[in-house]
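*Asks:* all I have is the shape, not the residue letters:
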């Protein structure tokens, strides 16, 4: 068992048109920029993969990362909680022109739906959205005198994840708040592809400190000096 | 904010008759023996707290820990997945005599119900138990052509937890497989009481390595050389 | 004292009510300002939806670590005892009722406790973030807001006209003119600016103001 | 070769089918024996419900750490690359379909794939453990079992008479006489002891045995 891939292009070569792709990160924190840009490069060269449904908390900022995917025209729909950013033009322009779809999901419900996807829980109830527009069409039930909305699991064909440390069995740690959605997405996707800042020897991560056990990970590419979306945007702006 | 309690007796002094008490551990691994025995001592001295509902994977072994609670007569009902052990007499005798109640819950459903209790999810669907006796009386629903059983959250008045490290804000780590149900129970109880092998300075646990953040913990007692249920049983037997 | 409080003064007033030892989520933007005015000697642990508990002040400019941010994507620092966790655990803290207070901004608040703070209706890009979870997530839900809209329209209403964030969730409202607790689906006045009469306050408040005994003066420092 | 396989031989046979690089949960008791017979050169990562992935053999007697146990409460050791996690994450691995194979024991198996392995009916203390989760948790659910009960009654039935553990879940059955895949709700014979005729096998099997082409010989070493 060796999940380490030597190259970025190999690791993402079988992502197909129309797939659902979960992308880790919250804003720039945890965004796997190199994996995303490799996918954009592939699309620009080959026309594939297009028509993607992308799951992320946000919907891109500036022209980097998910915004680059949207600008390239490879995203058919975003599933996110907050499609705003300091520079949301990539998404906003296409959304207002009716060229990209949006499923707006409250952030906690988005996290829990992804977690449910990975945990084999097809549906659950949450108080969030009860009595609001975002609950329209969803089953409602009362438990112990309080009303809740039924939500379905969310799964993906592929997850793209940024990690700090990884080993050949796919065990992962994250860096600070860059953890956010990534452990959930790793479990909810059929194929989880990771860029890790450092690949360590097997056993090089204390078993008590592993955040994502390797069972949830399929491929790991080492990216020793990863770009940080927020830093790139600030450099671009200045 | 200082969640450190100087003494065991103080930490458990307000547990009342009829409460639901979650107790961490899987067999002897993670069983908070000192907290349990302090509660047994209190019951033997004062007659309180009795009539407890105890949530644990098992139902006691030998005459130690939960078995000591059962032998003392303070447990009205067990909620567990596996009320067997190498020496299950304490529970078995009372169960067959109709003196103690049992709610049998599959282990994964037990874990998920406790997790749901802590996470504010009042109900969820699981494939486990569909078509079996244990699903009788529970709502069933079909999702994507497969049948699932609805399960409710499980909460408690008190959780008794064994941790490895703790700080005054209640942040916790666990030792090896002793982690098991404890992080879930810490979140699902109104009052979470912890015995920790070592209380460290605030900030003494790396923020990346904390398993239970202090928000889920109310009281911490340092027990520097904790007893291990399995070791006690083996010592008793030999 | 001025005829209405500044945002900083509203934040200051709300901050005086932060309980010692409490776990608090401050919404993006205006509510974040409350942290600045926490009374000396009280320990408050701040939660941010993106997976950090017990964060501190912003780092100096140029020393930001952009993997260490809050829900508003602003750089933060950590206090001793901080913890990281993933998004599902973060919202378990919220939805599970583990927070003592969550503070949000508002477009409209109804006397029933309904809150509208995420959408001004069709025509723009909708964005909800964590607001719909947070309104169900804390023992107390506070709103900090100007008492009226920029156009002078009341924000404290009999019922909201904008899309709701949550139903019956708000417990306390700190405005530029007064402090209200929502009790039994009524705005119960706790404090008002001493310079303002009750009639004047009612005139800019669509919902009926309930007074139980003499309201206290809303006194805040110059900031 | 003897007239039926020992438990060790059944375990050996099942072990030969463990895929390289697979994630496997071995049930308490008899199924645990499979780990001993894993073919050389194949890497298999074992999961135990109580929160450990990638554990190794039992430690020497006297060197046990009783905080480091498997679901059967036996002491284990760790392989390099092992990980700890809590029970909800552990069953997320199970229920979420992340395991390749789960192996269980059985009282009865029906041709529909129904399994009964947790209760022999009223009169004793019921205990289910993780079995009802595991039967829905892996891509393949294997059963290892004697072909008949101690009293000589068939265990491979048209339908189970004992309380079910799961409906339509079993994919492969390794018995003391044969190996069956359950396909389209039928026991399809893959291998049988060469010393035994098909009629002899059918005589101790309540459900109808389906044969697609000539079944292979079930050959195992002396153990």
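*Replies:* Perfect, thanks for sending it. All values derive from a computational prediction rather than experimental measurement.
*Asks:* what about stretch A:185-200 and chain C, touching?
*Replies:* No. Shown here: stretch A:185-200 not in contact with chain C (Cβ under 8 Å from any Cβ of the partner chain), separated by at least 9.4 Å. Placement of C-beta: from N, CA and C, glycine included.
*Asks:* the helices in chain A, which residues?
*Replies:* Assigned by DSSP state H, chain A shows helices spanning A:8-11, A:33-46, A:66-72, A:89-96, A:107-119, A:182-188, A:229-237.
*Asks:* correct me, but residue A:31 touches residue A:37?
*Replies:* No. At 10.5 Å, residue A:31 and residue A:37 do not qualify as touching, with contact defined as Cβ atoms under 8 Å.
*Asks:* between those two, which one's more packed in?
*Replies:* residue A:31 (33 against 16; other Cβ atoms under 10 Å in any protein chain shown).
*Asks:* for the residue lying farthest from the centre of chain C, give its distance to chain A.
*Replies:* Centroid-distance maximum for chain C: residue C:62 at 29.4 Å, with Cα atoms, centre = their mean. Note on residue C:62: its distance to chain A, by Cβ to the nearest Cβ, to the nearest Å, is 11 Å.
*Asks:* doesn't that residue fall inside a strand?
*Replies:* No. Residue C:62 is assigned coil when assessed by DSSP: H, G, I helix; E, B strand; the rest coil, not a strand.
*Asks:* contacting residues around it?
*Replies:* By Cβ atoms under 8 Å, 6 or more residues apart in numbering or on different chains, no residues touch residue C:62.
*Asks:* just residue A:17 next, same as before
*Replies:* Going by Cβ under 8 Å, 6+ apart, the list of residues near residue A:17 reads A:48-52.
*Asks:* quick one on the thing from earlier: what residues are shared contacts of residue A:31 and residue A:37?
*Replies:* residue A:65.
*Asks:* and residue C:174, helix, strand or coil?
*Replies:* strand.
*Asks:* residue numbers of chain A in contact with chain D?
*Replies:* Looking at chain D, the residues of chain A close enough under Cβ under 8 Å from any Cβ are A:1, A:115, A:117-121, A:167-169, A:171, A:187, A:201-203, A:207-208, A:210, A:213-216.
*Asks:* repeat the analysis, applying 6 Å as the threshold.
*Replies:* A:1, A:118-120, A:167, A:169, A:171, A:202-203, A:207-208, A:210, A:213, A:215 (Cβ under 6 Å from any Cβ of the partner chain).
*Asks:* run through the bridge partners of residue C:69.
*Replies:* residue C:75 (DSSP bridges).
*Asks:* for residue C:138, same thing?
*Replies:* Beta-bridge partners, per DSSP bridges, of residue C:138: residue C:99.
*Asks:* residue A:11 contacts residue A:221, doesn't it?
*Replies:* Yes. Applying Cβ atoms under 6 Å, one finds residue A:11 in contact with residue A:221, separated by 5.0 Å.
*Asks:* show me the helices in chain C, by range?
*Replies:* Using DSSP H, helices in chain C cover C:7-15, C:87-95, C:131-134, C:198-203.
*Asks:* could you count how many residues lie near residue C:186?
*Replies:* Using other Cβ under 10 Å: residue C:186 sits among 17 other residues.
*Asks:* likewise the one 5 residues further on?
*Replies:* Applying other Cβ under 10 Å, we find 17 residues neighbouring residue C:191.
*Asks:* the one 10 residues further on now?
*Replies:* As a burial measure, residue C:201 scores 21 neighbours (other Cβ under 10 Å).
*Asks:* how about stretch A:129-141: buried residues?
*Replies:* A:129-132, A:134-135 (16 or more other Cβ atoms under 10 Å in any protein chain shown).
*Asks:* same question for stretch A:81-97.
*Replies:* Applying 16+ other Cβ under 10 Å to stretch A:81-97 flags A:81-85, A:87-88, A:90-92, A:94-95 as buried.
*Asks:* show me which of these is closest to chain B.
*Replies:* residue A:81 (17.3 Å; Cβ to the nearest Cβ).
*Asks:* pretty sure the closest one sits against residue A:59.
*Replies:* No. Counting by Cβ under 6 Å, residue A:81 stays clear of residue A:59, with 9.6 Å between them.
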